[in-house]
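**Q** sharing a model that was predicted from the sequence below.
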Amino acid sequence: MNWLEIFQDPNTQWILLGSMLLGLSSGVIGSFAYLRKQSLMGDALAHAALPGVCIAFMITGTKSILYFLIGAAAAGVLATFLIGYITRNSRIKQDSALGIILTVFFGFGIVLLTQIQHGDSGNQSGLDKFLFGQAASMVQSDVYTMAIISVILVALSFLFFKEFKLLSFDPGFAKGIGLPIMLLDQFIMLLIVTAVVVGIQAVGVVLMAALLITPAVAARYWTEKLHIMVMLAGLFGALSGFAGTVISTMANNLPTGPLAVLSATAIFVFSVIFAPKRGVIAKSMMQLTAKRDYEKQYASQKMKEGSLYE
Amino acid sequence: MNDMWIILIGILVAWSCSILGCFLVLRKMSMIGDAISHSVLPGIVIAFLFSGTRDSFIMMLGAAAIGLVTVFLIQMFQNSGVQSDASIGVVFTALFAIGVVLVSIFTRQVDLDLDCVLYGEIAYAPWDTIDFRGTNIGPKAIWGIGASFFLNVVVIGLFYKQFKLCSFDPALAAALGIPVAFFHYLLMGLVSISTVASFESVGAILVVGMIIVPAATAYLLTESLGKMIVISMIVGAISSIAGYYVAYLLDASIAGSMITVAGGIFFIVFLLSPTHGIIFKKWRRKKLISEIS
């Protein structure tokens, strides 16, 4: 298949649009998660959504993406609340609290999944697809849902940019000037939850976490300004979605999600090596010039004292 | 008989994981278990392709090696200025993605069911037995997980003091001449081996759960590392036994039920622990306030 054919296929166009929007919005939201040291929250929420999806299916009996999203979002909100509650009220640290909620929710979800499997409603194959992600099976209405939600997410990040910025860098000051930081904190969580549940269906549970983390970390390498970082992360996310879809269409049988994640990883590795100031090359160049400057200075000083080779 | 084997496998997994879990929880590295359990996937696939069998010792070593590579990469990015949680996230998701791509490329060559690897089906483990000189010596999983449990007990037992010091005060440990980095990678090697040994029969999620949940539960009950290890092993064993019967009653996933029971125990301890429980803490605070006023 050649390049032009790919872009002319309407089905591929939808998948392309869907994955790019997904990458864009998760990159933007992921930046705030990264700065608030909650990168693994995406991983935890992606797993914790499982029981919510199962319960939504058990109650409604239909495999509608809207009900799944509601169920997953409810489970995600409960999970973030529990993680926060455990961290605040006991000696358990955030990483352990995350791990506990992640595994227990997922384990409970699997119990529910086997119940559904053994129940009368029978066919749970749609649920599997929902969890492990199947970008290729996205239909037009799914892309519409994803597009609308992605646009809302990006718009909200834009509207609340100042508040999120303060919350990320100096929560104490934000509290001092009267911002409702608890509420804003929960609001960011809600945005992460939404990005995750939208993404699960396209790329699956584990890989959704990557789309939140990797573009944001890569963007951090290039800039010291938050607004540029957020824009770059969105751009990197969209690029990864684009590359993932194109490669998977050209190479038969390869799943889109993992390829999008690997594209994001490639951007990350490139940033680690080549970014100005923070990249590996720039850093070693800086060390080298610093060393040379010092040596020069040392030599000239010794020369003045007339004792270079003592 | 099969019930007994399944429960025994569950208990061995729980013990093997929770010994290591105590150290990970104390060192704020709980999510390393999650990371390793996902990132060994490419290692397993590559080992499959090379050895052609599902149960070679080489496969376990290969996966354990990938586990160490994971830890090394995480450390490397952390040293170059990435936050620790983000560097865990970047590394394990990338390796997992490579694993999934490899599975879908070689899906005809290897008989590897992704769902099975992630969920695990402990219910089938007792049927997969090994023969030793013609006599049946029990399920393979018992021997694999038993061996990794034995290894953990021996290594942790031999270097208990060093591991303890490295967990609580790495700076002091380094000053005393203990090779901190060596013990770090030794511990991670044990985590990799236990994860891989348990993986095939019980799935990633039970492994990760058994690393974190019993250890965190024990952390709320005691102030001593030795007691913490014992308590976490007891919690793990209870979760396995009770989880099996819950699964039996509901006709549900055994691994899922075991971890759900472990979560239930954690929740009860979180509320009722005499020293760190929510209810006693609130009660003590109230008493203090009324005494003062």
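**A** Cool, got the structure.

**Q** quick one: the strands in the stretch 51-200 of chain B?
**A** Secondary structure of the stretch 51-200 of chain B (DSSP state E, counting those that start in this stretch): strands at B:129-132, B:135-139.

**Q** helix or strand for the closest residue to chain A within the stretch 101-250 of chain B, which one?
**A** Nearest residue of the stretch 101-250 of chain B to chain A (C-beta to the nearest C-beta) works out as residue B:209 at 3.5 Å. Yep, even glycine has a C-beta here, placed from its N, CA and C like the rest. Applying DSSP states H and E as the criterion places residue B:209 in helix B:204-219.

**Q** elements contacting the helix or strand that comes right after that helix?
**A** Per DSSP H and E, the first helix or strand lying C-terminal to helix B:204-219 is helix B:225-250. Judged by 3 or more C-beta pairs under 8 Å, 6 or more residues apart in numbering or on different chains; DSSP states H and E, the packing partners of helix B:225-250 are helix A:94-118, helix B:2-26, helix B:204-219, helix B:254-272.

**Q** what about stretch B:82-91, average pLDDT?
**A** Throughout stretch B:82-91, pLDDT has a mean value of 90.

**Q** likewise stretch A:262-271?
**A** Mean pLDDT, stretch A:262-271: 94.

**Q** got the buried residues for that stretch?
**A** For stretch A:262-271, a neighbour-count test (16 or more other C-beta atoms under 10 Å in any protein chain shown) marks A:262-268, A:271 as buried.

**Q** out of those residues, which are close to chain B?
**A** Contacts with chain B are made by A:262, A:265, A:268 out of the buried residues of stretch A:262-271, judged by C-beta under 8 Å from any C-beta of the partner chain.

**Q** out of the buried residues of stretch A:262-271, the closest to chain B would be?
**A** Ranked by distance to chain B (C-beta to the nearest C-beta), the buried residues of stretch A:262-271 are led by residue A:265 at 4.1 Å.

**Q** from residue A:146, how far out is the residue of the stretch 1-150 of chain B found nearest chain A?
**A** In the stretch 1-150 of chain B, the residue that lies nearest chain A is residue B:93 (3.3 Å; C-beta to the nearest C-beta). Distance of residue B:93 to residue A:146, computed by C-beta to C-beta, to the nearest Å: 20 Å.

**Q** what parts of the stretch 51-200 of chain A come near chain B?
**A** Residues of the stretch 51-200 of chain A lying close to chain B by C-beta under 8 Å from any C-beta are A:86, A:89-93, A:95-100, A:102-104, A:106-115, A:118, A:128, A:132.

**Q** related to what we said a few turns ago, of residue B:93 and residue A:146, which one has the most company?
**A** Neighbours around residue B:93 and residue A:146, counted as other C-beta atoms under 10 Å in any protein chain shown, are more numerous at residue B:93. The numbers are 29 against 23.

**Q** distance of that one relative to residue A:11?
**A** 27 Å.

**Q** ditto for residue A:70
**A** From residue A:70 across to residue A:11, the span is 27 Å (C-beta to C-beta).

**Q** and residue A:222, by the same measure?
**A** Here residue A:222 is placed at a distance of 35 Å from residue A:11 (C-beta to C-beta).

**Q** okay, those two: which has more neighbours?
**A** Higher neighbour count among residue A:222 and residue A:11: residue A:222, with 19 against 12, using other C-beta under 10 Å.

**Q** quick one: contacts for the more buried one?
**A** Residues near residue A:222 by C-beta atoms under 8 Å, 6 or more residues apart in numbering or on different chains: A:228-229, A:232, A:271, A:275-276, A:278.

**Q** go ahead and build a ChimeraX selection from the buried members of the residues you listed.
**A** Burial among those is assessed by 16+ other C-beta under 10 Å; the matching ChimeraX selection reads:
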select /A:229,232,271,275,278
